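Sequence first, predicted model second:
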Amino acid sequence: MRRSFLALVATLLLGAGLAGGSGTALATPAKEAPWLPEAASYRLTLFLGNLAPPPWEDIETAWSEPYRGSEFTQGALTWLDSQSELATAPLTAAIGRKDRQAVFAEATRLVARRIEETLDRALSSETPADAQRAVAMARQLYRAFADHISAADPDGARALGRAWLELASATGSTGVLGAGAVAPDRDTMETARAVISDYLGANYLVDSFAPRARLSAIPESVARSGADVDIPNTLPPGSDIFDQDPLPKLVLNFEEQGIDEADLPLIAYGDMLFDSPEIFSGPARELGISCSTCHNRSDINQRFFIPGASHQPGAVDVDGAFFNPMFNDRRNDPIDIPSLRGLRFTGPYGRDGRFASLRDFTRNVIVNEFAGDEPTPFMLDAIVAYMTEFDFLPNAMLTGDGQLTAAAPDAARRGAAIFNRPLAGLGGASCASCHVPGANFLDRKAHDIGSVQPAYDGARAGALDTPTLLGTVYTAPYFHDGSLPTLAAVVAWFDDTKALGLTATERADLTAYLETVGAADAPYEVFDDENTPFRLAFSELTTFASTLDTLLPRKDTRHILLLTDTVASDLAADASTMGNLAVRPEIYALADRLAQVGTAVRMGDWTAANAHWATFKSDADAIQAKAF
């Protein structure tokens, strides 16, 4: 149930409180600064080139078109034509040959030469302003290499960092209205530039690069040394793992009955797990991706997008090469993220209904799709207990047994008659034969309606689980691959492919019925000055922490640490979104207190752990009224 917030680096905020931790991942992503076109294309090339098999069309597109969400309207190649004297033909030829190593080499040299070209402009600039702009651009280009240099060669990274600072400081200043002008220090600029150029020449402008099993921007000297470098997982430019806006409203069965989640420790712990990257491994965990990243508050995330893993926003290939190479099926088959509302009613699970058990399906997601360690029975019990509390959105136009109420429009009533009418194009069945109104518009079966392109002649792999129609107004696009943008398009597809013979009026009425069935009274969270996103986050996180009342007496080390690692870091990260700035230090202190619980548990000091927990609860109660 994570929120879309700008994050602080919580491990720095918590300081020594997490020093004994396991490298806590945040479920709160941080927004990146924009990328220059050629730097963005380079990082996309590295990311896509590490997929198996490499998506060559996407790699070509990465250089020919702006990355998704770019502030630039030109692709990198067009941008370079207008900004640079460098030749791009060697790179495009390597892409055309689908030569992975050559593409890496040519792209790497191209970015390094662009840095050099831009530094030349800085040194030849006649005014401080021009020099400053050129240095700033060169440093933005250097960003394509920077984090990999830091990981592989920390000493080199520090030397380069000093050189960049010296270079920028030496560009001079135009002063204010002509007063206080400072001329560029050419000697210092030349010296600093030489440090940068020497490093680029030795590591990124070499005649040949060592073969790379994993494409990265680590310095060539490190690559040839054979040193084992831990390159952090990063998402390429154009990625978006922030939550949907507006945020879907969460309806939980127990809450509707007036039961406090803090009184349901198993469910509260499952809620935390749903929100925790710690249950995964590899890229998902490092990047802070959790169940709630894709399934915002039990629904979908229509903005989720990772190049190479998503063909459009709201879709992801969970069995591709990125998240768990062991589970890679080597097929480019991203699926539209499904809603989890009403999950206890919607089995079997998986788009093709391959899992009869929600527990088995959940384990598959954790272990196979996202490379997590084997979950304990308690973890599976908890997360399944939580997810089975997801309910459908209330809809005043529909009764509990799927009948229209007096609030429904006339067009929907006419559409209901069509929905329930046997149709020759459906073999004498009706829409309601599969989407049974009295059974939450489900039949719990799989059907091949012809929406899946057969993988080979005679393939019988097109049967998909019947999806519910409840809440579908808010889950566009439709079909397993998100190929149809609207419910009207769904009606038109069935009419055309099944020769239903509907008139234009009947299509409109049937669409009106689907839109009525799929509507909701309040589909989104409503925030105001008091009910703020942070207050929602604070309430959730302190509820998660409440399960320590059950776990600490049991001295359940594994599950305690999973909780403290998740909640302490997220609490600190979410504090950056508070409107009440005066209370922000108290939130950081509260997060540190929870981290201290984890530190004490790691040391086996249960007395200290209980003392820190008691203080946390007292402080959290005092802060509650100010948490906005």
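Cool, the structure landed.

ok, now which ones touch Thr405?
Going by C-beta atoms under 8 Å, 6 or more residues apart in numbering, Thr405 touches 396-399. (C-beta placed from N, C-alpha, C; glycine too.)

Test for you: state the pLDDT assigned to it.
At Thr405, the pLDDT value in this model is 98.

picking up where we left off before, neighbour-wise, which of the contacts of Thr405 leads?
Most neighbours among the contacts of Thr405, by other C-beta atoms under 10 Å: Leu398, with 24 neighbours.

Give the bridge partners for that one, please.
Leu404 (DSSP bridges).

do Leu252 as well
Those that pair with Leu252 in a beta bridge, by DSSP bridges, are Phe390.

where's it relative to Thr543, distance?
Distance from Leu252 to Thr543, counting by C-beta to C-beta, to the nearest Å: 12 Å.

where does the closest residue to Leu51 other than its chain neighbours land in three-state SS?
Of all residues not flanking Leu51 in the chain, Ala321 sits nearest, at 4.4 Å (C-beta to C-beta, 6 or more residues apart in numbering). What DSSP: H, G, I helix; E, B strand; the rest coil gives for Ala321 is coil.

and Ala321, what pLDDT?
So, for Ala321, pLDDT stands at 93.

what's around Gly604, how many residues?
For Gly604, using other C-beta under 10 Å, the count is 10.

ditto for the one 10 residues further on
Number of residues near Ala614 (other C-beta under 10 Å) recorded here: 12.

Can you lay out the contacts of Thr405 as JSON lines showing pLDDT?
Output for the contacts of Thr405, formatted as JSON lines (pLDDT from 0 to 100):
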{"residue": "Ala396", "pLDDT": "98"}
{"residue": "Met397", "pLDDT": "98"}
{"residue": "Leu398", "pLDDT": "98"}
{"residue": "Thr399", "pLDDT": "97"}
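
show me the contacts for Tyr199.
Here Tyr199 is in contact with 156, 159-160, 219 (C-beta under 8 Å, 6+ apart).

Of the residues you listed, which belong to helices?
Using DSSP state H, the members of the contacts of Tyr199 that fall in helices are 156, 159-160.

Drop anything exposed from those residues.
For the ones in helices among the contacts of Tyr199, a neighbour count by 16 or more other C-beta atoms under 10 Å gives the buried set as 156, 160.

Identify, from the ones in helices among the contacts of Tyr199, the entry nearest to Arg341.
Of all the ones in helices among the contacts of Tyr199, Leu160 has the smallest distance to Arg341: 50.4 Å, by C-beta to C-beta.

quick one: that closest one and Ile196 touch, right?
Yes: when contacts are counted by C-beta atoms under 8 Å, Leu160 is listed as touching Ile196 (6.2 Å).

which residues do these two both contact?
Shared contacts of Leu160 and Ile196, defined by C-beta under 8 Å, 6+ apart, comprise Tyr142.

Any idea how far apart the tips of stretch 397-408 sit?
End-to-end distance of stretch 397-408 (C-alpha to C-alpha, to the nearest Å): 5 Å.

er, stretch 580-588 actually
13 Å.

Tell me which residues of that stretch come out buried.
Using 16+ other C-beta under 10 Å as the test for burial, stretch 580-588 gives 583-584, 586-588.

tell me the average confidence for that stretch?
Here the average pLDDT along stretch 580-588 is 92.

Just give me the closest of the buried residues of stretch 580-588 to Asp574.
Using C-beta to C-beta, Ile587 is the member of the buried residues of stretch 580-588 that sits closest to Asp574, with 7.9 Å.

check contacts around that closest one.
Going by C-beta under 8 Å, 6+ apart, Ile587 touches 538, 571-572, 574-575, 578, 623, 627.

Which strand or helix spans it?
helix 584-602 (DSSP states H and E).

Just after that helix, pick out the following helix or strand.
Where DSSP H and E defines the elements, the next helix or strand beyond helix 584-602 is helix 606-624.

Now do the buried residues in that next one.
Buried-residue list, helix 606-624, by 16+ other C-beta under 10 Å: 609-610, 612-613, 615-617, 619-620, 623.

The helix holding Ile587: how far from the chain's middle?
Relative to its chain's centre, helix 584-602 lies at 26 Å (C-alpha atoms, centre = their mean, to the nearest Å).

what's the angle from that helix to helix 606-624?
Following axes from the mean of the first three to the mean of the last three C-alpha atoms, to 10 degrees, one obtains 160 degrees for the angle between helix 584-602 and helix 606-624.

hey, where'd the strands end up in the stretch 1-150 of the chain?
Using DSSP state E, counting those that start in this stretch, no strands are found in the stretch 1-150 of the chain.

Centre-most residue in the protein?
With distances taken as C-alpha atoms, centre = their mean, the residue of the chain nearest its centroid is Ile241 (2.5 Å).

Show the contacting residues for that residue.
29, 235, 287-289, 293, 304, 306 are the contacts of Ile241 under C-beta under 8 Å, 6+ apart.
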